[in-house]
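[1] please find the sequence and the predicted model below.
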Amino acid sequence: MRINQFLLTMFTGLCFAFAFPAVAESYDQKLNDARAIVVASNYENSMNLMMANLMPATEENFIAGLGKSFTGIGLLVDIDAKYPGGRAAFGKRFGQIFSELFRKRHKQIIEEAARLYANEFTAAELATIRSFMESPVGRKMNEATPRIQQSL
């Protein structure tokens, strides 16, 4: 009986030892394909466009938020008196800083997007998507998408 348990344990261990490298390699390939998809889809440009479209509202909401507290109102009075261009210019500068900080995180965001794609799709699906995204029609679609989004 002990020999059977020992053999079963050894067999199970060997199966895991051989299976995990294949799983890791497969997931690495999925991540590589997912990264290629994210890059091919002009994700970084899409994020920049999104930020550019959101910035006016973000700047306005930042200033409006300050105006909702007693301390913030005092800060706005000081900004209007001392900051060149007042609260509107201060809001714009906040938007610039916010956008710069967001851009610094592009690589991290792209990596997270790749991980999410890799978890959502099979290796075969990712390979198919990547193949399309890197094809002439896929590249044309990716070049047109920001213009279409801007028009919308």
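    Yep, that arrived. Being a predicted model, the structure only gives us computed values, none of them experimental.
[2] count the residues that sit near A123.
    Neighbours of A123 under the rule other Cβ atoms under 10 Å: 14. C-beta here means a position set from N, CA and C on the backbone, and glycine is covered the same way.
[3] from memory it sits against S26, does it?
    Yes - assessed by Cβ atoms under 8 Å, A123 is found in contact with S26 at 5.7 Å.
[4] could you say which helix or strand holds I110?
    helix 106-120 (DSSP states H and E).
[5] with I97 instead?
    Using DSSP H and E, I97 falls in helix 86-104.
[6] contacting residues around that helix?
    Contacts with helix 86-104, where a contact means Cβ atoms under 8 Å, 6 or more residues apart in numbering, come from 47-48, 51-52, 55-56, 58-60, 62-63, 76, 79-80, 83, 85.
[7] now with 10 Å?
    44, 47-48, 50-52, 54-64, 66-67, 75-77, 79-80, 82-85, 109 (Cβ atoms under 10 Å, 6 or more residues apart in numbering).
[8] now swap in stretch 64-79 and tell me
    Contacts for stretch 64-79 (Cβ under 10 Å, 6+ apart): 63, 83, 85-91, 94.
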